[in-house]
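S.K.: What follows is a predicted protein model with its sequence.
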Amino acid sequence: MTELRSELKESVRIISGNAACAWAARYARVQVISAYPITPQTTIVEKLSDFVENGELDAEYIRVESEHSVMACLIGASYNGVRTYSATSGQGLAYMHEMLHWAAGARLPIVMGIVDRGMAPPWNIWADHQDVLAARDTGWMIFFASNHQEIFDTTIQMYKICENPNVFLPAFVCLGGFIMSHTQQPVHMPDQSLVDEFLPEVPKNGWPHFFLDPDRPITHGNLQNPGGPNIDPSCWYYEYRYLIQKAHENAKQVIIDVAKEYQKKFGIFHGDLIEKYKCDDAEVALVSIGSLADQAKIAVDNMREEGYKVGAIKLRCYKPFPTEQFQELAKKIRVFPVMERSMAFGLIGGIVSIDLKAILYQHPKHPFVLPVIAGVGGRDVRVEDQIEVLKTAVEMAETNEFKTELIVSGLHE
Amino acid sequence: MTEKKYWKWKEIETHTSINDLPPVPLSLPNYGSLGETGDWRTFRPEIDKSKCNKCYICWMYCPEAVIEIDKDGYPNIDYVYCKGCMICAHECPKKAIEQVREKKEPEGE
Amino acid sequence: MVKLKELIKDPVAGEEYFLKGNSSCAGCGGELAFRWIMKALGKRTIVVAPASCFNVTIGLYPRAGPAIPYLNMAFAAGAATCSGIVAGLAARKKLDPSMEDITVLCFAGDGGTIDIGIQGLSGAAERGTDFIYICYDNEAYMNTGTQRSGGTPFGAWTTTTPTGKKEHKKNVPMIMAAHGIPYVATACAGYPLDLYQKVLKAKKIKGTKYIHVLAPCAPGWRFPTEQAIEVGRKAVQTGMWILYEIEDGKMTLSGPSKNLLDKKNRKPIEEYIKLQGRFRNISPEDVKVLQKWVDRQWEDLKIRLACQS
Ligand SMILES: Cc1ncc(C[n+]2csc(CCOP(=O)(O)OP(=O)(O)O)c2C)c(N)n1
Ligand code: SF4
Ligand code: SF4
Ligand SMILES: [Mg+2]
């Protein structure tokens, strides 16, 4: 079987975003897959079943009875030090929420594709970030791809990032429901041997610390008291939580290095934590995630033709948050409109805009963050909508008048 | 991260800094995972060897696994950890295990 | 029947795998059950324990009572985690053949089995995950302080059924048998050797094995600790708890239950319930209801056994 797999030669395939996920998992030689169907993710795990049953991917495939069990399975498998993969969407991600905390707390390098969709009720299956952003504080790293090539490349990179001993965290690679999952684009795939060289070898004896080995009996997850200085020196719960935070901080450099290394080996670069588009002289930069970020480039080009100094920023990695990069950009950029498919109910804006404010507004002379909600539940976001938002932002920058009411783009009133 | 694969109990307990910690908390097996549970006893089981017929029923039923068989084949109770449930005394078919009130006063309070 | 003298000297059964000085209550039936389960399984075992007393009894970090790899797990996730471990071991075996012969055990409470965990358990059984699932049934949520579960018997007091539970116990071993798995058994902590032998048998079978162990709990059932074995024995002798095995669909009664098919041989349930404070306020009418339920369990068994032969 190994021979069969290594036959994968460099090629370009015109495939769906979901297929790009499945191909990447195959290239990464995942060893255990656990899956449960949910639209619009389903075709990922269907494709993986084909790979496994055709003998093209040598993996254990567990068809479980719920998403809670999907994550429980991957946790069990990952404790054995093997490479794991799954994918889910919306309700499924919400259903496994308890286990998301578990995977991150146990520091297991699990990679999962998230085809994001709206949360019910009413039912909605189209691109929307409410599902994945509700998991923002589970400890997972969260990546958004903005085109099919990036889905493929990011998924492969993720294994290298997650399995780095300074990181050891699980990660989501997100793509928009239907708008990315079910559309076709060409994806360039390298020789399998190059991916094998690029990714770390899964150690025969598993990753230290996580291994379940009868010869080294370890109990995982024992109760820890609150403890504290001078109370009980063996209580480290708080510290272990803080180590997850540290791992996120460590991950930032690893993500940058891995993106560079990938570029060197495969000639493709999608940005590291962010991708800047025409930001050098920009006064306004539109921040967006996923497919909106790709489209934002067109809006920026249109604006530039009219002479506006605007740029776009693709938030490729939302967790860990690219704090330093934004703080650097904030030295020049005056307004950051953030257009996103989510709502931080009860606050003003989408979830990412709130986070961006949080890291920028610490500085007394901060730029303005303009929160814009758009495209909720897969509603079409047109280039014109993005241009309109950019124009509002430019006007603010010029007049120094910053309106604080929430902009809800594309809403029927 | 250190390359160490296995932490000795003592080593974990003497972690003094967050920098020494492995990425996840590991607990290693040993006796007294809660401490010296013999402190819990109100009554102490005492085996009268002259009555004991070495049936080992007490050994079988002791939930805490504190009854060991000595070289002469008699059951022996490890009072450091015996919790004093008195199952052994209750089940002994020869009534060879006596229930004796612990003399020591509870500490503190 | 195995001899204690031999077991003590047995290189596997003579070892202890749940080390003394842990935090189980004195006289815990679950602890005794686990001790004997592990004596049957030995060192090459990975244990998954979903939330229950057994996430606490194992001691405080960084210490541990279990002398085997042991994974504390989320409440509903026991069985699925085992499916993942089995798959992980299979993947690892391809690289390292020494990973052979490891038994995966899920050791869960009645809440983690009968209630919140039944979906995952049913799924794992349907998939035929090669593992042993053992429910230690102390008939309530003990870790959270004795709330009723689907395993609590009719009439029993718990903190959420202060006037006694109004519903009967859910029959999970039979639900598991309906999955068509190769081995289902019931056992009782009051009969450790019977339990030991059943686990030994399960260990040799491929596929999903399910064992349901009644585990008397002194603080939860309100009886003096030294009575734990006696209470377990009475549960069996009165027929409240029936010991049996179902091997490839064929049921056989085991231990003392063998002779109890005839109602005459069963002690009245009063002998069992009078030992326990949780039944202190049960009315005479409710005792009758409970006795009728017990008798019906046996009638059902009679039909099943008769159909088999
Ligand atoms: C999802 C979830 N809900 C509730 C709890 C709280 N909880 C922890 S243990 C437990 C009871 C366990 O009962 P059982 O499975 O019967 O085991 P026992 O404690 O009785 O041994 C509960 C309700 C939890 N840990 N997780
Ligand atoms: S009193 Fe209980 S713990 Fe102590 S030896 Fe007897 S049975 Fe074991
Ligand atoms: S509450 Fe009951 S089951 Fe839990 S440790 Fe105590 S005796 Fe055992
Ligand atoms: Mg219970």
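M.R.: Structure received. Predicted, not measured: the structure shown is a model, and the values here were computed from it. Numbers count the residues shown, from 1 in each chain, chains lettered A, B, ... in the order given. Ligands and ions are numbered 1, 2, ... in the order given.
S.K.: tell me how far the host helix or strand of residue C:229 is from the chain's mean position?
M.R.: Assigned by DSSP states H and E, residue C:229 belongs to helix C:228-237. Helix C:228-237 sits 14 Å away from the centroid of its parent chain (C-alpha atoms, centre = their mean, to the nearest Å).
S.K.: after that helix comes which helix or strand?
M.R.: strand C:244-247.
S.K.: Next SSE downstream of that following strand?
M.R.: Next helix or strand after strand C:244-247 toward the C-terminus (DSSP H and E): strand C:250-253.
S.K.: can you give me the end-to-end distance of stretch C:125-139?
M.R.: 22 Å (C-alpha to C-alpha, to the nearest Å).
S.K.: and it, anywhere near chain B?
M.R.: No: if you take C-beta under 8 Å from any C-beta of the partner chain as the test, stretch C:125-139 misses chain B, and the best it gets is 11.9 Å. C-beta here means a position set from N, CA and C on the backbone, and glycine is covered the same way.
S.K.: Report whether stretch C:92-110 contacts ligand 3.
M.R.: No: interface with ligand 3: stretch C:92-110 contributes nothing (C-beta under 6 Å from any ligand atom), its closest point being 7.7 Å away.
S.K.: SS state for the closest residue to chain B within the stretch 1-150 of chain A?
M.R.: With C-beta to the nearest C-beta as the measure, residue A:107 is the residue of the stretch 1-150 of chain A nearest to chain B, at 4.7 Å. When classified by DSSP: H, G, I helix; E, B strand; the rest coil, residue A:107 comes out as coil.
S.K.: Tell me how far it lies from residue C:18.
M.R.: Going from residue A:107 to residue C:18 by C-beta to C-beta, to the nearest Å gives 27 Å.
S.K.: Also residue B:56?
M.R.: In terms of C-beta to C-beta, residue B:56 sits 18 Å off from residue C:18.
S.K.: More neighbours: which of those two?
M.R.: The neighbour comparison of residue B:56 against residue C:18 (other C-beta atoms under 10 Å in any protein chain shown) goes to residue C:18, with 29 against 19.
S.K.: re the thing from before, the residue of the stretch 1-150 of chain A closest to chain B against residue A:164, yeah?
M.R.: No: counting by C-beta atoms under 8 Å, residue A:107 sits too far from residue A:164 to count as a contact (11.5 Å).
S.K.: now residue A:168, nearest residue through space, not along the chain?
M.R.: In space, and not counting its chain neighbours, residue A:168 is closest to residue A:107: 4.3 Å by C-beta to C-beta, 6 or more residues apart in numbering or on different chains.
S.K.: Walking through chain A, point out its helices one by one.
M.R.: Taking DSSP state H as the test, the helices found in chain A are A:2-6, A:17-27, A:42-53, A:67-78, A:90-95, A:97-105, A:130-133, A:148-162, A:192-198, A:237-266, A:291-305, A:323-329, A:351-360, A:383-399.
S.K.: for the chain, what helix or strand is lowest in average pLDDT?
M.R.: In the absence of a named chain, this looks at chain A. Here the helix or strand of chain A ranked lowest by mean pLDDT, DSSP states H and E is helix A:2-6, holding a mean of 48.
S.K.: that's the wrong chain, I wanted chain C
M.R.: Min over SSEs of chain C, mean pLDDT, DSSP H and E: strand C:63-64 (a mean of 90).
S.K.: Give the bridge partners for residue C:250, please.
M.R.: Going by DSSP bridges, residue C:250 is paired in beta bridges with residue C:247.
S.K.: so it sits right up against residue C:308, yeah?
M.R.: Yes: proximity of residue C:250 to residue C:308 meets the contact threshold set by C-beta under 8 Å, at 6.1 Å.
S.K.: what stretches of the chain score poorly on pLDDT?
M.R.: Going with chain A. Scanning chain A for pLDDT under 70 picks out A:1-6, A:205-210, A:228-233.
S.K.: try again with chain B
M.R.: For chain B, applying pLDDT under 70 flags the ranges B:1-15, B:104-109.
S.K.: Closest to the centroid, which residue in it?
M.R.: By C-alpha atoms, centre = their mean, the mean C-alpha position of chain B lies nearest to residue B:81, the distance being 2.7 Å.
S.K.: So what touches stretch A:403-413?
M.R.: With contact meaning C-beta atoms under 8 Å, 6 or more residues apart in numbering or on different chains, stretch A:403-413 is reached by A:339, A:348-349, A:370-375, A:379-381, A:385, A:388-389, A:392, A:396.
S.K.: Same question for stretch C:259-274.
M.R.: Against stretch C:259-274 from outside (C-beta under 8 Å, 6+ apart): C:155, C:231, C:234-235, C:237-240, C:242, C:253, C:279, C:282, C:287, C:290-291, C:294-295, C:298, C:301-302, C:305.
S.K.: Buried residues, it. List them.
M.R.: C:260, C:261, C:266, C:269, C:270, C:272, C:273 (16 or more other C-beta atoms under 10 Å in any protein chain shown).
S.K.: And the fifth one, how close does it get to residue A:316?
M.R.: Per C-beta to C-beta, residue C:270 is found 71 Å from residue A:316.
S.K.: how many neighbours does residue 30 have?
M.R.: Using chain A. 28.
S.K.: if you could check chain B rather than the one you did, that'd help
M.R.: Applying other C-beta under 10 Å, I find that residue B:30 has 17 neighbouring residues.
S.K.: same check, this time on residue A:166
M.R.: Residue A:166 has 15 neighbours, counted by other C-beta under 10 Å.
S.K.: That one reaches residue A:257, doesn't it?
M.R.: No: contact criterion C-beta under 8 Å: residue A:166 and residue A:257 do not qualify, at 10.7 Å.
S.K.: Tell me who's in contact with the residue nearest to residue A:315 when sequence neighbours are not counted.
M.R.: Computed as C-beta to C-beta, 6+ apart, the closest residue to residue A:315 that is not its neighbour in sequence is residue A:289, at 4.7 Å. Applying C-beta under 8 Å, 6+ apart, we find residue A:289 in contact with A:129, A:144, A:146, A:174, A:314, A:315, A:318, A:340, A:352.
S.K.: Can you name the residues that contact the fourth one?
M.R.: Shown in contact with residue A:174 (C-beta under 8 Å, 6+ apart): A:113, A:114, A:115, A:116, A:129, A:132, A:142, A:143, A:144, A:145, A:289, A:290.
S.K.: how long is stretch A:227-239 from one end to the other?
M.R.: 10 Å.
S.K.: Pick out the residue in the stretch 51-200 of chain C sitting closest to ligand 3.
M.R.: Nearest residue of the stretch 51-200 of chain C to ligand 3, counting by C-beta to the nearest ligand atom: residue C:53, 3.2 Å away.
S.K.: and if you look at the stretch 151-300 of chain C?
M.R.: Counting by C-beta to the nearest ligand atom, the stretch 151-300 of chain C gets nearest ligand 3 through residue C:217, at 3.1 Å.
S.K.: ok, and the closest non-adjacent residue to that residue?
M.R.: Nearest to residue C:217 is residue C:138, by C-beta to C-beta, 6+ apart, at 3.9 Å.
S.K.: Which strands or helices does the helix holding residue C:229 pack on?
M.R.: Applying 3 or more C-beta pairs under 8 Å, 6 or more residues apart in numbering or on different chains; DSSP states H and E, one finds that helix C:228-237 contacts helix B:87-91, helix C:29-41, strand C:183-188, helix C:270-273.
S.K.: Is any residue of the second one near ligand 3?
M.R.: Yes: counting by C-beta under 6 Å from any ligand atom, contacts between helix C:29-41 and ligand 3 involve residue C:30.
S.K.: Mind listing the residues bridging to the spatially most central residue of chain A?
M.R.: The centroid of chain A falls nearest to residue A:143 when counting by C-alpha atoms, centre = their mean (1.7 Å). Residue A:143 has these beta-bridge partners by DSSP bridges: residue A:173, residue A:317.
S.K.: In this structure it contacts residue A:170, no?
M.R.: No: Residue A:143 lies out of contact with residue A:170 (C-beta under 8 Å); the separation is 11.5 Å.
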